[in-house]
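1. coords please:
(2 chains)
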There are 2 protein chains.
Amino acid sequence: MEAIKRTKIVDVLKSDAFGTTVNVKGWVRTRRGSKQVSFIALNDGSTINNVQIVVDVDKLGEEYLKPITTGASISVNGTLVQSQGKGQSVEIQATEIEIYGSADPNTYPLQKKGHSMEFLREIAHLRPRTNTFGAVFRIRHNMAYAIHKFFHDRGFFYFHTPLITASDCEGAGQMFQVTTMNLYDLKKDENGSIIYDNDFFGKQASLTVSGQLEGELAATALGQIYTFGPTFRAENSNTPRHLAEFWMIEPEVAFNDILDNMQLAEEFIKYCVQWALDNCMDDIKFLNDMFDKGLIERLQGVLKDDFVRLAYTEGIKILEEAVAKGHQFEFPVYWGVDLASEHERYLVEEHFKRPVILTDYPKEIKAFYMKQNEDGKTVRAMDVLFPKIGEIIGGSEREADYDKLMNRINEMGIPMKDMWWYLDTRRFGTVPHSGFGLGFERLLLFVTGMTNIRDVIPFPRTPKNADF
Amino acid sequence: MEAIKRTKIVDVLKSDAFGTTVNVKGWVRTRRGSKQVSFIALNDGSTINNVQIVVDVDKLGEEYLKPITTGASISVNGTLVQSQGKGQSVEIQATEIEIYGSADPNTYPLQKKGHSMEFLREIAHLRPRTNTFGAVFRIRHNMAYAIHKFFHDRGFFYFHTPLITASDCEGAGQMFQVTTMNLYDLKKDENGSIIYDNDFFGKQASLTVSGQLEGELAATALGQIYTFGPTFRAENSNTPRHLAEFWMIEPEVAFNDILDNMQLAEEFIKYCVQWALDNCMDDIKFLNDMFDKGLIERLQGVLKDDFVRLAYTEGIKILEEAVAKGHQFEFPVYWGVDLASEHERYLVEEHFKRPVILTDYPKEIKAFYMKQNEDGKTVRAMDVLFPKIGEIIGGSEREADYDKLMNRINEMGIPMKDMWWYLDTRRFGTVPHSGFGLGFERLLLFVTGMTNIRDVIPFPRTPKNADF
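-> Just a heads-up that it's a prediction; the model follows:
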């Protein structure tokens, strides 16, 4: 076959160089036609859109074309022409076709018929070849890129916090243990305790549940940092909202107070959503039309207005009034309760009809490191609440005062034996600082409209499932 | 203190708005001066450069200034003035100073005196506050950003491969086991084998050693992808080149052959080095002057010429000639040997005096998935060899033929029981494809001139060390 430089299909579809010879390569989505002419819909992953290849059956031979079925991979030389068909502007009249690989229609699982999301999860190694997952993973890339660009443009430094950790301050009980010990030959001391001296790290080690504490170390040196990396939770929850391995973004900024933190969170999430609308419209439109007719409207919706800023105490009042007026919630509403998703969504979707940043939560339901308010009851926490999702971002101003922080740690009985390094940030040159965390897959649920978190990460890790 | 919007020091130093009142916040690097006037060198992490704060001691009070020692954190309001001092263009005449936190000179470890790299590793939680590690981590951020930008601009999709895996195809024996089992109460079957049914994933699970195989799944769907994530190696090596947890970048491209792959690798690494020179010169210059006087020249050097492209067999000939002429290598040279760093560096630094891409290695020393050449002896591997570092990138064109791949797997006795999903890429719509891997810390050693890999990652994980 004549060697012609390949053009990606995303570029071919934008081209108007009619009459020129081009080469495209990709996977066959469908082939249909008659004895005289065959139409191949070809996709190469660069866009959700296929290019149509028109084949003169006599010229290339019916027998030769036989292996060109759904899933087969081919290289096509042909002439770019203006398309007469609906919904496409260009097509390619094939002059030569090379078949790289066939896909036996009897065994290839991705035939034209629709597949359930459950079935596609079982073939997660092939599902990126579908329209739906191609769209989701192109959007996933774009959201990751938007996040890096947002922070880079604002002078933040990307900071890699460790995955393996010997600290267990936050997530004790829900952590995965990491070991190189031979489990058939565990050494124990005279009290029957396992001796970790010969484990790889010389002590018990686990997978991190958050990079925040190390992020604070970095922010109190480099000023503005963000993390973006995998995080682990050994929670035995088989729900559409939980993953054992997921990706988190955690910015942390020295000298930012809770107000700066709210502003950063709002700008950040709006930037991501705007980026998706500006750069992923083909994919979003597909998901909107196939799965979630309100998707585009919801994305545009969060960009329109300023987010509401509301104290938790005020939020509880609104919810109590709703109950008094007859609104039914599954879970009870009272000051001190950790809000359920239904409460958060009531505030966002029914009461304010726009995103809400809820602040100043009761200290009992928030982490030890949050800055204590003067009322003695609340802390400078902030959760960003979104339509359909509920909490999408959680953050706070951090307690910068060493004594107040230690009091809270003692009150809560947190084991700080391995945390001397964290406390050093308050011991030496302590500064006001704030940060927040965004679960990357939570953002993707919002941007793609998918309803199960297992469908926005390539290879979900969940109880009893570490396949691929 | 009067509320004035903070300006970052990197911006203050570029400003010429002399006479205006500004606010800066940061950590004190040094304070010196006389009874009348005090000079504070203030750094906020945004740049390696400090801004000088000039304080009228009488005005603010000697007693008030006492806690302003190295490491203390302060907020300064003052007038921006043109500096008379050498090496700085602006300084700030303080009108008000607020002290956020002191740093007791008796206990704060980062006093002005120089510290050994070994000591700084022991206080890895504070070392980002030093000039050296501030520079290294700002460069680390910039390299990560350059990588994302390079691939995004070329239409690649960032693809998150899993960290926890139940496959053990490549790294068996050097993997970390991940478990939630109670090690004090391991269930065993009648043969004494541990029953993994009740472990979190229902089977034995480990931390990944590479995302490549999953990356191939993605490339054969989305066309061009790259991974950038943590990778783990439970190798008990206490050397300046090994980490148990490190970050890898692995691009994978459908329809690319070995020549395309070489071109991509060369463009990619040159882009990163050029980015560092364009965006990190203050930090690089500091590292050049402090540690490695050849750094800038070496960085510029690799940009100058095309990389040499050379078959392994030709490389061995050159090395054998060198030996014949009396050059002494520690390790033997013969066809079939896995080259040592000294061999690679000889080719790069002494023979060609520029980077070398070595290709077509003996199949015995390379991985099972590499495309087999027709000679039956070599595979389409490619290693990019760099001055000072040796191998910085390793990659190959992949074997696309199902039967050839299976033969090689059987020859090498690789357990493929869990690898049906990988083989499906060759079973259904197989395509020529290529990719490579870059150890992120290896790149950083090159760009920063640091000599120990523990000094280019914030919190190194090595045998017996998972602190912070």
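
2. show me how far stretch A:156-170 is from its chain's centre.
-> 19 Å (C-alpha atoms, centre = their mean, to the nearest Å).

3. touching chain B at all, that stretch?
-> Yes. Against chain B, stretch A:156-170 shows contacts by C-beta under 8 Å from any C-beta of the partner chain at A:156-167. C-beta: built from backbone N, CA, C; applies to glycine.

4. residues in contact with the residue sitting furthest away from the middle of chain A?
-> Distance from the C-alpha centroid of chain A peaks at A:Asp58, with 48.6 Å (C-alpha atoms, centre = their mean). Applying C-beta atoms under 8 Å, 6 or more residues apart in numbering or on different chains, we find A:Asp58 in contact with A:Gln36.

5. let's see that with 10 Å instead.
-> A:35-37 (C-beta atoms under 10 Å, 6 or more residues apart in numbering or on different chains).

6. can you count the residues close to the spatially closest residue to A:Ala400 that is not a sequence neighbour?
-> Nearest non-adjacent residue to A:Ala400, counting by C-beta to C-beta, 6 or more residues apart in numbering or on different chains: A:Thr430, 4.9 Å away. A count of neighbours around A:Thr430, defined by other C-beta atoms under 10 Å in any protein chain shown, yields 23.

7. related to what we said a few turns ago, just confirm the residue farthest from the centre of chain A is within a helix.
-> Yes. Looking at A:Asp58 with DSSP: H, G, I helix; E, B strand; the rest coil, it is inside a helix.

8. separation between it and chain B?
-> 26 Å (C-beta to the nearest C-beta, to the nearest Å).

9. need the pLDDT of that residue.
-> For A:Asp58, the pLDDT comes out at 95.

10. would you mind measuring from it to A:Thr239?
-> 57 Å (C-beta to C-beta, to the nearest Å).

11. what's in contact with the helix or strand bottoming out on mean pLDDT in chain A?
-> When the helices and strands of chain A are scored by mean pLDDT, DSSP states H and E, helix A:402-412 comes last with a mean of 93. Applying C-beta under 10 Å, 6+ apart, the contact partners of helix A:402-412 are A:169, A:363-364, A:367-372, A:379, A:398-399, A:401, A:414-416, A:419, A:422-428, A:430, B:101.

12. how about a cut-off of 7 Å?
-> A:368-369, A:372, A:399, A:416, A:423, A:426-427, A:430 (C-beta atoms under 7 Å, 6 or more residues apart in numbering or on different chains).

13. can you check stretch A:287-304 too?
-> By C-beta under 7 Å, 6+ apart, stretch A:287-304 touches A:132, A:135, A:270, A:273-274, A:276-277, A:284, A:355, A:386-388, A:447-449.

14. from the residues you listed, list just the buried residues.
-> A:132, A:135, A:270, A:273, A:276, A:284, A:355, A:386-388, A:447-449 (16 or more other C-beta atoms under 10 Å in any protein chain shown).

15. quick revisit: let's have the contacts of helix A:402-412 in CSV, adding secondary structure and distance to A:His125.
-> Formatted as CSV, these follow (DSSP: H, G, I helix; E, B strand; the rest coil; distance: C-beta to C-beta, whole Å):
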residue, secondary structure, distance to A:His125
A:Phe368, coil, 42
A:Tyr369, coil, 40
A:Gln372, strand, 49
A:Glu399, coil, 46
A:Met416, coil, 44
A:Leu423, helix, 46
A:Arg426, helix, 48
A:Arg427, helix, 50
A:Thr430, coil, 49
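
16. nearest to chain B among the buried ones among the contacts of stretch A:287-304?
-> A:Ala135 (10.6 Å; C-beta to the nearest C-beta).

17. tell me what whichever strand or helix holds A:Tyr361 is packed against?
-> Assessed by DSSP states H and E, A:Tyr361 sits inside strand A:356-362. Secondary-structure packing of strand A:356-362 (3 or more C-beta pairs under 7 Å, 6 or more residues apart in numbering or on different chains; DSSP states H and E): strand A:308-311, helix A:312-324, strand A:378-386.

18. pick the most buried one from those.
-> Compared across these, strand A:378-386 shows the largest average neighbour count, a mean of 24 (mean count of other C-beta atoms under 10 Å in any protein chain shown).

19. still on that earlier bit, hmm, B:Ser73 and the residue nearest to A:Ala400 touching each other?
-> Yes. Contact criterion C-beta atoms under 7 Å: A:Thr430 and B:Ser73 qualify, at 6.4 Å.

20. for the two, list the residues in contact with both.
-> B:100-101.

21. lowest pLDDT pick from the contacts of helix A:402-412?
-> Lowest pLDDT among those: A:Met416, 76.

22. what's the burial count for that one?
-> Quick note: A:Met416 (other C-beta under 10 Å) scores 16 neighbours.

23. what's the closest non-adjacent residue to it?
-> Nearest to A:Met416 is A:Ile409, by C-beta to C-beta, 6+ apart, at 5.5 Å.
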